[in-house]
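Trainee: From the sequence below, what's the structure:
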Amino acid sequence: MIENKQMNRRKFLSYLGTGAAALAAASAGLGTLEGKASAASKTADHLFGFKTNRVTGFFEPIEASDADQLILPNGYSYDVVAAFDDVINQAGDKFGQGADYNAFFPIKGSNTRGLLVTNHEYTNIFLHGPIGDKMTPAQIHNELYYQGMSVTEVYQDENGTWKLDTTSKYARRINGFTKFELTGPAKNSKAVGSVSTVTGTFANCSGGVTLWNTVMSCEENFAETAAYASLNDTHYGWVVEIDPFDSKFLRKHTALGRFNHENTAMGIAKDGRIVVYMGDDKKDACVYKFVSKGKYDAAKGRGNSNLLSEGTLYVANLKSGKWSEVSIDAVKKVLNHDKFKAPSGVKGTKEELLQKFQTQGDVVTNCHEAALLVGGTPTDRPEDVEISPFDNTIFICHTNNDNHGNIHGHITRIFEADNDLGSTSFDFEIFAAGGRQSGFSSPDNLAFDSNGNLWVVTDISSGSLNKGVYTSFKNNGLFVIPTSGPSQGEALQFASGPRECEMTGPFFTPDEHTLFLSVQHPGENTTDVNKPTSMWPHRKGDKIPREAVVAIRGFKLG
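Mentor: Numbering: from 1, shown residues only. The predicted structure follows:
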């Protein structure tokens with residue numbers, strides 16, 4: 001238990017020990033949790049194990065570091081499970097570049113063997129070398145191959161070390177050459193070229209796990225790769241769904257909108273409908289949620305995926321506390337108003353916009369502009385969104401926005417009316433603000449542990465690290481922030497990454513003995529591949545840094 005209510009960030013020993021869940025529940029007025037997240041409706045988040053009420057052990061927060069190392073608290077260690085260009089299966093497929101989101105799927109209920117799904121967001125100089133005015137055919141091929149997703153089989157050997165099983169029948173790549181089925185209103189619409197299938201996924205940033213145990217992967221900054229490869233960019237910027245155990249299940253859900261997707265967070269409304277929260281990761285962009293028309297039926301398993309084809313897409317209006325419909329009727333109503341004036345961020349005359357928006361397919365394909373038209377609030381790079389499995393509140397990382405002086409970002413917490421994820425009204429608070437006072441800057445990805453603590457990775461841009469107002473934060477890190485109790489909102493640093501990296505995709509095994517984490521783009525500012533600014537993970541024989549997924553060990557049960 002926490003005894004000292006005046007603990008500060010530097011001296012605090014994390015209370016991730018016995019009794020913490022009960023304390024968190026009491027502090028939030030939720031009553032007894034009884035070993036599960038009983039206060040909330042069912043959610044699918046970045047943590048399989050929140051129902052277990054297990055604890056992740058005590059740790060002593062570390063200091064910020066600018067070393068070219070992945071630094072953890074005393075008693076913790078990590079294994080490099082898969083790194084850029086590692087062979088992942090018998091066919092010789094290679095692990096992609098730009099490792100981001102992770103999701104672990106136990107095989108036969110095991111905490112020590114399962115499938116690890118990893119997103120690959122973008123490539124860099126260590127793959128292509130210098131790029132001229134345009135990519136060569138070989139560079140374009142590699143660009144499409146090394147982005148996307150990897151499905152790998154991972155296991156813990158007799159010594160406790162996590163390794164790849166390259167003999168796995170499931171291990172495979174999903175990338176710019178993979179074919180996907182479109183679902184929802186843009187399928188066969190003129191907005192996407194009247195097609196029902198598209199080729200390729202890339203710019204895969206974060207993601208989410210569905211209630212039926214598939215993965216949602218989010219296409220974020222897709223425009224550059226689409227342009228290099230002369231591809232129709234309306235085929236990208238969607239939410240992708242795959243089944244790690246079934247290579248034939250490949251969908252893009254257009255009802256969820258097309259924009260710079262960061263991740264998805266799935267839950268259930270009080271009436272049984274599926275709800276999916278999403279952020280649009282760019283400056284002055286919006287926060288969304290999708291509410292299905294039909295209701296979730298656990299007995300249907302993966303058949304529930306069809307719920308993502310039809311429903312209502314909403315955008316958050318933070319000033320009114322309302323979720324506004326992003327629909328063709330709502331857009332036309334705004335455009336046909338006598339006093340219509342295009343809001344900031346929307347280009348075109350009234351006539352041009354009426355021509356652009358004629359169907360719901362047009363709306364979801366041009367979602368950013370449609371959302372602004374119906375009153376969506378532009379925000380400061382809304383990245384990861386997660387539903388608390390303990391109290392059903394919604395946490396959103398607003399990473400930063402120097403256009404408006406929000407240099408260090410903040411974490412927003414949304415309270416849906418009547419604690420119903422399907423509600424059309426809400427209230428919100430700034431849960432934690434980045435800056436010197438909190439010890440972190442530029443929050444990005446989120447994950448909960450089973451005591452309701454928020455694990456947050458940061459994304460200070462590589463060009464800003466260790467400079468100016470970012471100097472005190474040093475390299476990007478991983479922090480733990482209690483969501484209730486005396487230390488609510490205080491950031492405790494658990495890890496510091498190597499030079500010029502960001503750490504992404506935190507995901508626990510169900511027993512919370514292992515935390516998977518991606519180390520993305522170490523040495524990103526390198527201009528000469530023969531003189532890299534980082535050499536992490538410092539593997540024997542490597543001449544360049546390699547982005548990788550690590551398995552962090554040392555967590556203990558209380």
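
Trainee: Dead centre of the chain: give me the residue that sits there.
Mentor: Ser206 (3.1 Å; C-alpha atoms, centre = their mean).

Trainee: secondary structure element for it?
Mentor: Assigned by DSSP states H and E, Ser206 belongs to strand 204-209.

Trainee: Please state the offset of that strand from the chain centre?
Mentor: Here strand 204-209 is found 5 Å from its chain centre; the criterion is C-alpha atoms, centre = their mean, to the nearest Å.

Trainee: helices and strands around it, which ones?
Mentor: Packing partners of strand 204-209 (3 or more C-beta pairs under 8 Å, 6 or more residues apart in numbering; DSSP states H and E): strand 99-106, strand 113-120, strand 215-219, strand 261-268. For every residue, glycine as well, the C-beta is placed using N, CA and C.

Trainee: avg pLDDT for the strand or helix carrying Val549?
Mentor: Using DSSP H and E, the element containing Val549 is strand 548-553. Averaged over strand 548-553, pLDDT sits at 98.

Trainee: Pairing partners for it, with directions?
Mentor: Its sheet considered, strand 548-553 pairs with strand 77-83 (antiparallel), strand 514-520 (antiparallel) by DSSP bridges.

Trainee: Looking at the helices and strands packed on strand 204-209, spot the one closest to Gly193.
Mentor: Evaluated with C-beta to C-beta, the helices and strands packed on strand 204-209 place strand 215-219 nearest to Gly193, the distance being 16.9 Å.

Trainee: now that closest one against strand 204-209, angle please.
Mentor: For strand 215-219 against strand 204-209, the angle by axes from the mean of the first three to the mean of the last three C-alpha atoms, to 10 degrees is 150 degrees.

Trainee: From Lys333, how far out is Val363?
Mentor: Applying C-beta to C-beta, to the nearest Å, the value for Val363 to Lys333 is 12 Å.

Trainee: So which of these two has more stuff around it?
Mentor: The neighbour count for Val363 versus Lys333, taken as other C-beta atoms under 10 Å, is higher for Val363 (30 against 13).

Trainee: isn't that one right up against Ser327?
Mentor: Yes: judged on C-beta atoms under 8 Å, Val363 makes contact with Ser327 at a distance of 6.5 Å.

Trainee: what residues do these two have in common as contacts?
Mentor: Residues touching both Val363 and Ser327 by C-beta atoms under 8 Å, 6 or more residues apart in numbering: Leu313.

Trainee: Adjacent strands (with direction) for the strand holding Ser206?
Mentor: Applying DSSP bridges, strand 204-209 is found paired with strand 215-219 (antiparallel).

Trainee: who's in contact with the partner strand?
Mentor: For strand 215-219, the surrounding residues in contact (C-beta under 8 Å, 6+ apart) are 101, 103, 117, 119, 149, 201-210, 236-244, 261-264, 266, 276, 278.

Trainee: Packing partners of the strand or helix carrying Val457?
Mentor: In this structure, Val457 sits in strand 454-458 according to DSSP H and E. Packing partners of strand 454-458 (3+ C-beta pairs under 8 Å, 6+ apart): strand 443-448, strand 477-481, strand 502-508.

Trainee: Name the residues of that strand that come out as buried.
Mentor: 454-458 (16 or more other C-beta atoms under 10 Å).

Trainee: picking that back up, need the contact partners of the strand holding Val549.
Mentor: Residues outside strand 548-553 that contact it (C-beta under 8 Å, 6+ apart) are 70, 72, 76-84, 99, 102, 116, 118, 154, 156, 160, 162, 495, 505, 513-519, 537.

Trainee: tally of neighbours for the residue lying closest to Ala255 once chain neighbours are set aside?
Mentor: Among residues not flanking Ala255 along the chain, Gly184 sits closest, at 3.5 Å (C-beta to C-beta, 6 or more residues apart in numbering). Neighbours of Gly184 under the rule other C-beta under 10 Å: 24.

Trainee: okay but Gly184 is in contact with Gly257, surely?
Mentor: No: look at Gly184 against Gly257 with C-beta under 8 Å: they stay out of range, at 9.4 Å.

Trainee: Need the overlap of contacts for the two.
Mentor: Val364.

Trainee: follow-up on the earlier one: show the buried residues in the contacts of strand 548-553.
Mentor: Among these, those classed as buried by 16+ other C-beta under 10 Å are 70, 72, 76, 78-84, 99, 102, 116, 118, 154, 156, 162, 495, 505, 513-519, 537.
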